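K.L.:
My questions are about this predicted structure, shown below with the sequence.
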Amino acid sequence: MDELSRGVVDKLDPPTAAFINASGLAKASPIGMGLYRIEPVGKVGAVRTSTVQLEVRPKDRLGLSRLLFLLSYAGDQGFRDHSVEAVEHPDLWSALAESLAQLADRALSRGVLQGYLTIHESLRTVKGRIRISDQISRRPGMMVPLEVSYDEFTEDIAENRILRAALERMGKVPGVRADVLSRLRQLKGKLDAVTRLQSGAPLPPWRANRMNLRYHAVLRLSEVILRNASAEAGEGKQQTASFVVDMAQVFEEFVGTALRHAMSVYPGEMRLQYGALLNEAVRDADRLTVRPDAVHFLGGRPVVVYDSKYTAAGDAGASLNADHYQLLAYCTALRVPTAWLVYAGPGEMKLRRILNTDIDIVEYPLDLSLPPSEILAAVADLAEQSWGEVVRQAVAGRTASD
């Protein structure tokens, strides 16, 4: 179902209903006779058991490639100017599994990547360098064993650990086609000498460079899978899988990351999730605060504020008045004359001048159905127009003072 739909009525058993509710993707409410009303709760993705699959798709029918692009760009692994590659398929799990298999096969076609790994060990002979401080603290007065560190050229590096973990996770998803599952297992077999990541452990850091270029695409998809998907044996050893994404958070993080990059060509500094005081208060308990998604500073002073809303004005449940009240509060607290309200969806830019104030609020639509390059071009246009307004306000202020 669509994330903005009112849901569906279907027959479920209580364990499946409990699994759906626990997934965070939807709410399953009993209505009698074994029937449940299944409603989206603001997340997108898919959950699956051996007997049922529920999929909540993003509004505007965004495909998997676009969703992965937003997730990857919004992540904290550095700036990326292109999309994560993905196979489009009506079934999200099939698309993820097939995409991972294709990209992993391409990455491993020339063999398993090797690199240098720093190893810390206790040895009876010198290898690499002796860690003097560890030797003194751990073995005072003892000559052996020695605390040493050395670099080893090996397959057991972060890139391979991430890829192995993603292949293992997708291989546990129930209902994956037998041929794709076989490919995932064969590819994972090439990485059996690589250390297995512990469940729940943070992903090891890696840095994109020329040496691991052939791994870039599959690592980006692997990170998205590992951060957003789970596959495990549930009650009674029943295999379950879930891939759940909060699109409002993803959109907010994407706009902030892309806008900060676009504004970097102009003077000043952009701060994300900037907290500001809204009222005068003596006691901390009486303070009211606001936290815009992004504020651009020039000379230490805020000059323009931005806020992103995944739910556009025309979407079900959207509140145009509430959004503008919020932006008005931001402008008032920060003494900023213009705020930009970035909506997810098609449309035209619209200026709203607030009565009895000098504040303008500009609605700026960002159409996520466009190709990634055009989405980023639209963000660059937003940056250019908002900076132009800052310059215009500065010129107008100097003219008025003269």
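P.N.:
On my side now, so go ahead. Numbers count the residues shown, from 1 in each chain.

K.L.:
State the three-state secondary structure for the residue most central in space within the chain.
P.N.:
Centroid check for the chain by Cα atoms, centre = their mean gives residue 71 as the closest residue, at 3.7 Å. Using DSSP: H, G, I helix; E, B strand; the rest coil, the three-state assignment for residue 71 comes out as helix.

K.L.:
residue contacts, it?
P.N.:
By Cβ atoms under 8 Å, 6 or more residues apart in numbering, residue 71 lies in contact with 84, 224, 227-228, 245, 250. For every residue, glycine as well, the C-beta is placed using N, CA and C.

K.L.:
By neighbours, which of those wins?
P.N.:
Counting neighbours by other Cβ atoms under 10 Å, residue 84 leads the contacts of residue 71 with 27 neighbours.

K.L.:
Relative to residue 361, which of the contacts of residue 71 is nearest.
P.N.:
Distance to residue 361, by Cβ to Cβ, is smallest for residue 250 among the contacts of residue 71, at 23.7 Å.

K.L.:
who's in contact with the helix or strand where that closest one lies?
P.N.:
Using DSSP states H and E, residue 250 falls within helix 247-263. The contact list for helix 247-263 (Cβ under 8 Å, 6+ apart) reads 3, 42-44, 58, 70-71, 73-74, 79, 270, 272-273, 293-294, 296, 306, 308-311, 342, 344, 366, 368, 375-376, 379-380, 382-384, 386-387.

K.L.:
If we use 7 Å, what do you get?
P.N.:
When contacts are defined by Cβ atoms under 7 Å, 6 or more residues apart in numbering, helix 247-263 is touched by residues 3, 42, 44, 58, 70-71, 73-74, 79, 270, 272, 293-294, 296, 306, 308, 310, 342, 344, 376, 379-380, 382-383.

K.L.:
Counting only strands, which of those make the cut?
P.N.:
Those of these mapping onto strands are 44, 270, 272, 294, 296, 306, 308, 342, 344, per DSSP state E.

K.L.:
Identify the farthest-apart pair in these.
P.N.:
Every pair of those checked by Cβ to Cβ; the farthest is 44 and 296, at 30.2 Å.

K.L.:
Between those two, which has more neighbouring residues?
P.N.:
Neighbours were counted for residue 44 and for residue 296 using other Cβ under 10 Å; residue 296 has more, 25 against 22.

K.L.:
picking that back up, could I get the ones in strands among the contacts of helix 247-263 as CSV with distance to residue 116?
P.N.:
Putting those into CSV (distance: Cβ to Cβ, whole Å) gives the following:
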residue, distance to residue 116
44, 40
270, 36
272, 34
294, 39
296, 41
306, 42
308, 41
342, 43
344, 43
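
K.L.:
out of the residues you listed, who's nearest residue 207?
P.N.:
Of all the ones in strands among the contacts of helix 247-263, residue 272 has the smallest distance to residue 207: 22.8 Å, by Cβ to Cβ.

K.L.:
Run through the bridge partners of that closest one.
P.N.:
Beta-bridge pairing for residue 272 (DSSP bridges): residue 294.

K.L.:
Do I have it right that it meets residue 296?
P.N.:
No: when contacts are counted by Cβ atoms under 7 Å, residue 272 is not listed as touching residue 296 (10.5 Å).

K.L.:
related to what we said a few turns ago, buried only: go through the contacts of helix 247-263 for me.
P.N.:
In the contacts of helix 247-263, burial by neighbour count holds for 3, 42, 44, 58, 70-71, 73-74, 270, 272, 293-294, 296, 306, 308, 310, 342, 344, 376, 379-380, 382-383, counting by 16 or more other Cβ atoms under 10 Å.

K.L.:
From residue 166, how far off is the residue nearest to the centre of the chain?
P.N.:
14 Å (Cβ to Cβ, to the nearest Å).

K.L.:
and if you look at residue 69?
P.N.:
18 Å.

K.L.:
need the helices for the protein, in chain order.
P.N.:
With DSSP state H, the ranges of helices along the chain come out as 14-23, 64-74, 92-108, 132-138, 158-171, 178-189, 216-228, 247-263, 320-334, 372-401.

K.L.:
List the single closest residue to residue 145 in space, sequence neighbours excluded.
P.N.:
residue 122 (4.3 Å; Cβ to Cβ, 6 or more residues apart in numbering).

K.L.:
which ones are touching residue 96?
P.N.:
Shown in contact with residue 96 (Cβ under 7 Å, 6+ apart): 170, 225.

K.L.:
any low-confidence regions in the stretch 151-300 of the chain?
P.N.:
Under the criterion pLDDT under 70, the flagged ranges of the stretch 151-300 of the chain are 232-238, 282.

K.L.:
returning to that earlier point: what residues sit buried inside the helix holding residue 250?
P.N.:
By neighbour count on 16+ other Cβ under 10 Å, the buried set for helix 247-263 is 247, 250-263.

K.L.:
Then stretch 201-211?
P.N.:
203, 206.

K.L.:
Can I get it in PDB? Just the C-alpha atoms.
P.N.:
Coordinates of each C-alpha in stretch 201-211 appear next as PDB, following Å, rounded to 0.1, in the frame of the first residue of the first chain:
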ATOM      1  CA  ALA A 201      28.100  -3.900  16.100                       C
ATOM      2  CA  PRO A 202      28.900  -0.600  14.400                       C
ATOM      3  CA  LEU A 203      30.000  -0.900  10.800                       C
ATOM      4  CA  PRO A 204      33.800  -0.600  10.400                       C
ATOM      5  CA  PRO A 205      34.800   2.600   8.700                       C
ATOM      6  CA  TRP A 206      36.200   2.600   5.100                       C
ATOM      7  CA  ARG A 207      37.500   5.300   2.800                       C
ATOM      8  CA  ALA A 208      36.700   5.500  -0.900                       C
ATOM      9  CA  ASN A 209      39.900   5.600  -2.900                       C
ATOM     10  CA  ARG A 210      41.300   4.400  -6.200                       C
ATOM     11  CA  MET A 211      42.300   1.000  -4.800                       C
END
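
K.L.:
can you list contacts of that stretch?
P.N.:
Identification of contacts with stretch 201-211 by Cβ under 7 Å, 6+ apart yields 115, 158-159, 161-162, 216, 219, 223, 226.

K.L.:
Many thanks, we can stop here.
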